[in-house]
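Chemist: any chance you can model this:
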Amino acid sequence: MKQFGITVTAFFLLLVALSLASAQPASIKNTILTNRIGPSGGELFLANGDGSGEHKLNSGGNMDYDATFSADGKWIVFTSERNGSANIYRIHPDCSGLERLTDDDGFDDQASLSPDDNQLAFVSTRVSGTTNIWILDIKSRKARNLTGVPALQAAAGKMDGFYRPSWSPDSKWIAFSSDRGTDFKRHRFPAPGFEHIQAASIYVIQSNGEGLRKLTPEGEMAGSPKWSADGKQIVFYDMDAEYTSAARLFGAAASQIISVDVATGGRSEHTSGAGLKVSPQFLSADRIGYLIKGPGQKGELAFTTGEHGADAPAPGVIRNPAWSPDGKQLVYEKFAYDTKQNQPIYSKDQTFELRFSGEFPAISSTGKLALSPFGDVGALRITPFDKIAVYVSALDGTNRKQLFQQDGGGAFSPTWSPDGQWVVFGYGAIFNDRETKPSQLIMVREDGSEKRELTSGPLNSGFPSWSPDGKRIVYRVWKKEDRSLQILNLDDGKSTTLTSGNDNFPVWSPMGDRIGFTRETGGTNSYDIFTIRPDGTDLKQLTHAPGNDAHCAWSPDGKYIVFSSARLGFRDETPLYDGSPQPYAELFVMNADGSNQRPITSDKWEEGTPAWVPAMTTHQSKK
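Modeler: This next block holds a predicted model:
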C-alpha cells in the first residue's frame with residue numbers, strides 16, 4: 001500500500017455562496033442536511049366508491065394526506081404540511097370552504113370529525129412529543145389531551161403511541177389503536193434485525209376519558225379501527241407484529257380484515273390468504289371495503305363481497321382510502337417521489353435550517369457535496385447495494401457527477417479531506433454479507449483520479465471520518481467474531497484499535513479532540529451515542545434513551561451534536577408506510593457533553609444520516 005501525507009497550513013476561507021432553492025438560513029452554521037425517507041409531495045383524490053371516476057381534490061397543498069369524510073359526508077378532514085408542520089384542515093367535497101382547524105408546531109394528523117361535526121379527534125405530538133389522541137372543540141378552538149392523563153401513559157422506556165381515532169355513531173366513544181406499554185423490540189424477520197417492530201391493540205374510550213377497554217390481545221398488530229353504522233362492531237386489520245418491519249419495507253407480509261363485537265368481544269375474520277390488507281371500513285352491514293397494499297405494488301381496492309375496485313386512471317399509488325358514509329364516494333392520497341435534494345424540511349427550532357439530502361451527505365471546505373445515495377427508498381426504487389456509487393455535486397445538488405463506481409461492491413459513506421481535495425469511502429460488502437465478505441477504504445481525488453486503496457485483506461472496513469488535521473482516518477471494522485473502531489495513520493499506513501465494542505458511524509469532532517460514534521448497548525436502549533478521545537481514553541455515553549440513537553454529526557464549532565433518535569416512538573401504524581426502515585426517527589440536537597437533548601423535527605417521516613454545513617474552514621491542504 002502506498003504511503004502518503006497531507007501537509008496542513010492554516011488560513012480562513014469563506015464557504016462558497018450556498019445556491020439554495022429558497023430562503024437563506026438565519027445562520028449558515030446551523031444549516032443541517034439530512035436524509036428523509038418519505039415522499040416529496042402528496043395530493044388528495046376523489047373517486048366513486050369503486051375507485052372509478054377519479055379526479056383531484058383541489059385542496060391547495062403540495063403535501064396533503066390522511067383524509068376522511070365526516071359522518072354526514074359534507075366535509076373532508078385531512079392533514080397538510082403546506083405551512084411547515086403537519087396540521088389538520090377541512091374542506092367540502094366540491095373544494096369549497098377550506099378551513100384550518102389546528103395550528104401547532106408539532107405533528108397533528110389522522111383526524112376524525114364527530115358525527116355532529118362539532119369536535120375533532122386527532123393524533124398530536126404537542127406538549128409531550130409522543131403521539132396522543134386529542135379532542136378539539138371546533139367552535140372554541142380549545143383542545144384537550146384525551147389519552148395524556150397519567151393513568152393511560154405507559155411506564156418509562158416503553159412504547160406509548162396512540163393512533164387512528166374513530167368516533168362511534170352516537171359520539172360517546174372513540175376507538176383507536178395503540179402500542180402503549182410494549183417494548184422497543186427489534187424485528188426478527190427479515191434477519192438481521194436492527195429496526196423496531198410495532199405491536200398495537202385496538203382500544204375504545206369514552207370521549208370524556210373514562211371507560212378505557214382493550215378489544216384485541218397483545219402480540220398482534222391491530223390497526224385502523226372503524227365503527228359499523230349501528231355502533232355494535234369495529235373493523236380493523238390484524239397481523240403478526242413480528243412482520244411489521246417487513247410490511248413497511250420489502251418483505252412479504254400478510255394481514256386479515258377482522259371485526260370485533262364491542263359488547264361481547266367476539267371476533268369475525270372477513271378475509272384469508274396472502275396480501276397486506278389495510279384501511280378497512282364498513283360500507284354496509286355485510287360489506288367491507290379495504291386496500292390491498294404491498295411493497296412497490298399499486299394499491300388495489302377490494303371488498304369482502306368479492307369484487308375489486310376499478311383501476312384509477314391517473315398515475316400513482318393509492319394509499320389510505322376512506323369512503324363516505326353511504327359508500328358512494330372515496331377519498332385517498334397519492335404520494336410523489338421527485339428529486340428532493342435541498343428541499344426545505346420543517347424544523348421546530350427555527351435556529352436550525354434543515355434541508356433534504358441523499359444518504360450520508362458530506363460537505364467539503366470548498367462547498368461541494370459528496371453522497372452515496374441508495375435510490376428513492378420511500379418509492380421502493382432501490383439501487384442494489386453492490387451498485388451504489390459516490391457522487392459529487394454543488395451543495396444544492398446541481399452539476400452532479402459520478403465520482404466512483406466499481407463492479408463487485410458498493411461505495412458508501414464518503415468523507416472529505418480538510419482541504420477538500422480528496423474523498424475517502426468504504427467499498428465492498430458494506431451491508432450485505434458484511435460478516436463473510438471484505439470491504440476496503442478507498443481514497444480518490446475530488447475529480448475521481450488517483451484511486452488509492454487504504455486498507456486491504458479480509459476485514460470489512462467502512463464508514464470513515466477524516467481528522468481535522470488531515471493526518472488520520474477513523475473507521476469501523478466489522479467481523480463476525482468482534483467489531484471495533486480503528487484509526488488509520490496516513491503517514492505510515494498503519495491502523496490501531498480505538499474501541500472494541502459493536503460500534504459504527506464514527507465522526508471526528510472539528511476540534512479534533514473527540515470522536516462521536518454509535519454503539520450497540522442492547523436491551524431496550526438498543527443503540528446509543530458515545531464519544532471518546534482519539535487516544536482511546538475518556539469514553540462517555542451521551543444518550544440513554546429507549547430505542548435507537550444513531551447517526552451523529554458535529555456542529556462546525558464542535559459545541560453541538562445532531563443525531564437521529566427513536567425515543568419518541570412511532571407516529572403512525574407502521575404497515576401503512578412505504579419503504580421506511582425507521583419511521584420513528586426524529587432529529588435531536590444536544591450539547592457536546594450530552595446535555596440539553598431536544599428534538600428539532602416532529603413529523604411522521606424518517607430522518608437520518610445528518611451532516612452540518614460548515615460556515616467556514618480554517619484548513620487548506622496541499623499535497
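Chemist: strands paired with the helix or strand containing residue 587, and their directions?
Modeler: Following DSSP states H and E, one finds residue 587 within strand 586-591. In the sheet, strand 586-591 lines up against strand 560-565 (antiparallel), strand 598-599 (antiparallel) (DSSP bridges).
Chemist: now do the helices in this protein.
Modeler: With DSSP state H as the criterion, the chain has helices at 244-248.
Chemist: so where's it shaky on pLDDT?
Modeler: The model of the chain has pLDDT under 70 over residues 1-29, 189-193, 250-251, 295-297, 312-314, 432, 616-623.
Chemist: mind listing what's buried in the strand holding residue 587?
Modeler: Neighbour counts using 16 or more other CB atoms under 10 Å place 586-590 of strand 586-591 among the buried residues. (Glycine included, C-beta is placed from N, CA and C.)
Chemist: for the nearest residue to residue 536 once chain neighbours are set aside, give me its contacts.
Modeler: Leaving aside its sequence neighbours, residue 536 sits nearest to residue 498 (CB to CB, 6 or more residues apart in numbering; 5.6 Å). Taking CB atoms under 8 Å, 6 or more residues apart in numbering, we find residue 498 in contact with 474, 484-487, 506, 515, 532, 534, 536.
Chemist: give me that answer again for 10 Å
Modeler: Taking CB atoms under 10 Å, 6 or more residues apart in numbering, we find residue 498 in contact with 474-477, 484-487, 506, 515, 517, 532-536, 539.
Chemist: ok so, going back, how about the strands paired with strand 586-591, which one is nearest residue 158?
Modeler: Proximity to residue 158 (CB to CB) singles out strand 560-565 among the strands paired with strand 586-591, at 15.8 Å.
Chemist: run the chain-centre distance for the closest one.
Modeler: Counting by CA atoms, centre = their mean, to the nearest Å, strand 560-565 is centred 15 Å from the centre of its parent chain.
Chemist: winner for burial among the strands paired with strand 586-591?
Modeler: strand 560-565 (a mean of 25; mean count of other CB atoms under 10 Å).
Chemist: state the distance from residue 550 to residue 310.
Modeler: Per CB to CB, to the nearest Å, residue 550 is found 44 Å from residue 310.
Chemist: who's more crowded, those two?
Modeler: residue 550 (25 against 15; other CB atoms under 10 Å).
Chemist: now the strands paired with strand 586-591 in a markdown table, with distance to residue 182?
Modeler: Formatted as a markdown table, those follow (distance: least, CB to CB, whole Å):
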| stretch | distance to residue 182 |
| --- | --- |
| strand 560-565 | 18 |
| strand 598-599 | 21 |
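Chemist: out of those, which is closest to residue 438?
Modeler: strand 560-565 (27.8 Å).
Chemist: for residue 217, what are its contacts?
Modeler: Applying CB under 10 Å, 6+ apart, the residues near residue 217 are 201, 238, 267.
Chemist: try 8 Å
Modeler: Applying CB under 8 Å, 6+ apart, the residues contacting residue 217 are residue 201.
Chemist: for residue 423, same thing?
Modeler: 362, 370, 390, 392, 403-404, 414-417, 443-446.
Chemist: save these as JSON lines, and put in neighbour count and distance to residue 597 too.
Modeler: Shown next, in JSON lines, are the contacts of residue 423 (neighbours: other CB atoms under 10 Å; distance: CB to CB, whole Å):
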{"residue": "362", "neighbour count": "25", "distance to residue 597": "24"}
{"residue": "370", "neighbour count": "25", "distance to residue 597": "29"}
{"residue": "390", "neighbour count": "27", "distance to residue 597": "32"}
{"residue": "392", "neighbour count": "23", "distance to residue 597": "33"}
{"residue": "403", "neighbour count": "22", "distance to residue 597": "35"}
{"residue": "404", "neighbour count": "20", "distance to residue 597": "36"}
{"residue": "414", "neighbour count": "25", "distance to residue 597": "28"}
{"residue": "415", "neighbour count": "26", "distance to residue 597": "25"}
{"residue": "416", "neighbour count": "23", "distance to residue 597": "28"}
{"residue": "417", "neighbour count": "23", "distance to residue 597": "31"}
{"residue": "443", "neighbour count": "22", "distance to residue 597": "35"}
{"residue": "444", "neighbour count": "20", "distance to residue 597": "37"}
{"residue": "445", "neighbour count": "15", "distance to residue 597": "39"}
{"residue": "446", "neighbour count": "18", "distance to residue 597": "35"}
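Chemist: please flag which of those sit within strands.
Modeler: Within the contacts of residue 423, residues falling in strands by DSSP state E are 362, 370, 390, 392, 403-404, 414-416, 443-445.
Chemist: torsion angles phi and psi at residue 307?
Modeler: As for residue 307, its main-chain torsions (degrees, to the nearest 10) stand at phi -80, psi 160.
Chemist: name the nearest residue to residue 578, ignoring sequence neighbours.
Modeler: Residue 578 sits nearest to residue 378 (CB to CB, 6+ apart), 5.9 Å away.
Chemist: need the contact list for that neighbour.
Modeler: 37-39, 335, 337, 578-580.
Chemist: same thing with residue 160?
Modeler: 130, 153-154, 179-181, 569.
Chemist: what about 7 Å?
Modeler: 130, 153-154, 180, 569 (CB atoms under 7 Å, 6 or more residues apart in numbering).
Chemist: check contacts around the nearest residue to it once chain neighbours are set aside.
Modeler: Sequence neighbours aside, residue 154 is the residue nearest to residue 160 in space, at 4.1 Å (criterion: CB to CB, 6+ apart). If a contact means CB under 7 Å, 6+ apart, then residue 154 has 160, 180-181 as its contacts.
Chemist: closest to residue 612 among those?
Modeler: Using CB to CB, the contacts of residue 154 come closest to residue 612 at residue 160, 30.7 Å.
Chemist: what separation do you get for that closest one and residue 107?
Modeler: Per CB to CB, residue 160 is found 15 Å from residue 107.
Chemist: residue 249 contacts residue 583, doesn't it?
Modeler: No. The pair residue 249 / residue 583 is not scored as a contact, 10.3 Å apart, by CB atoms under 7 Å.
Chemist: sweet, I'm off.
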